[in-house]
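Novice: how would this look folded up:
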Amino acid sequence: VNVASKKVIVSFPVGTKKHVEYEKETQKWLENKGESVAYLKEHIIYGLPQEDEIDEIAQKLIIKVSYSGNLNFNKFLFRLFMFDPKIKLIRKLVYILKLIFNLLTNPIIYYMVASKKFSENINRAYLTINANKS
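Specialist: Here you go, the predicted model:
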């Protein structure tokens with residue numbers, strides 16, 4: 001905040017009951033595939049901030065809180081992007097297709113999942129902190 005010209009936005013996952021269940025399910029799915037994602041393990045071990053904790057921080061710091069995402073959609077995208085064929089040529093083709101998918105769909109997806117009210121289906125919170133420049 002001290003070096004920001006206007007504001008700082010902090011983004012992090014929210015610990016709704018559905019989100020916690022989703023991450024545990026995803027961790028088991030990854031283990032069955034012989035894969036690992038470090039941040040999922042950390043989320044499961046240490047937990048995620050819940051709505052009341054986020055509101056408490058926001059009130060103390062007088063900052064704006066907003067939410068976004070959709071767990072079902074996030075599950076689909078995560079599994080899509082974890083698809084990684086072991087054959088080099090197919091892997092490159094899949095990589096290029098994922099890039100094209102991102103370029104074509106990100107504006108639409110962002111519009112659909114941004115700025116949601118708190119619910120069990122959201123998966124991210126954003127704290128917007130305005131820089132206090134004298």
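
Novice: how far is the lengthiest helix in the chain from where the chain is centred?
Specialist: Looking across the chain with DSSP state H, the single longest helix is helix 88-113. Distance of helix 88-113 from its chain centroid, counting by CA atoms, centre = their mean, to the nearest Å, is 17 Å.

Novice: Now do the strands in the chain.
Specialist: In the chain, the strands defined using DSSP state E lie at 7-13, 64-68, 124-130.

Novice: Adding mean pLDDT and distance to residue 113, write these out as CSV.
Specialist: Every residue, glycine included, has its C-beta placed from N, CA and C. Below are the strands of the chain laid out as CSV (pLDDT from 0 to 100; distance: least, CB to CB, whole Å):
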stretch, mean pLDDT, distance to residue 113
strand 7-13, 92, 13
strand 64-68, 91, 5
strand 124-130, 91, 9
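
Novice: Among those, single out whichever gets nearest to residue 86.
Specialist: If you check each of the strands of the chain against residue 86 by CB to CB, strand 7-13 wins as the nearest, at 29.6 Å.

Novice: related to what we said a few turns ago, I'd like the average pLDDT over the longest helix of the chain.
Specialist: Helix 88-113 shows a mean pLDDT of 88 in the predicted model.

Novice: Next, the buried residues of that helix.
Specialist: Of the residues in helix 88-113, those buried by neighbour count under the rule 16 or more other CB atoms under 10 Å are 94, 113.

Novice: Next, the angle from that helix to strand 64-68.
Specialist: With axes from the mean of the first three to the mean of the last three CA atoms, to 10 degrees as the basis, helix 88-113 and strand 64-68 are set at 130 degrees to each other.

Novice: Helix 88-113 - contacts with which helices or strands?
Specialist: In this structure, helix 88-113 packs against helix 71-82, with contacts taken as 3 or more CB pairs under 8 Å, 6 or more residues apart in numbering; DSSP states H and E.

Novice: Format the CA atom coordinates belonging to the helix it packs on as PDB.
Specialist: The C-alpha trace of helix 71-82 is given here as PDB (Å, rounded to 0.1, in the frame of the first residue of the first chain):
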ATOM      1  CA  LEU A  71     -16.800 -23.800  -8.100                       C
ATOM      2  CA  ASN A  72     -18.500 -26.000 -10.700                       C
ATOM      3  CA  PHE A  73     -16.900 -24.100 -13.500                       C
ATOM      4  CA  ASN A  74     -13.600 -23.900 -11.700                       C
ATOM      5  CA  LYS A  75     -13.600 -27.700 -11.400                       C
ATOM      6  CA  PHE A  76     -14.200 -28.100 -15.100                       C
ATOM      7  CA  LEU A  77     -11.400 -25.600 -16.000                       C
ATOM      8  CA  PHE A  78      -8.900 -27.100 -13.500                       C
ATOM      9  CA  ARG A  79      -9.400 -30.600 -14.800                       C
ATOM     10  CA  LEU A  80      -9.200 -29.400 -18.400                       C
ATOM     11  CA  PHE A  81      -5.900 -27.600 -17.700                       C
ATOM     12  CA  MET A  82      -4.500 -30.600 -15.800                       C
END
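
Novice: Appreciated, that's everything.
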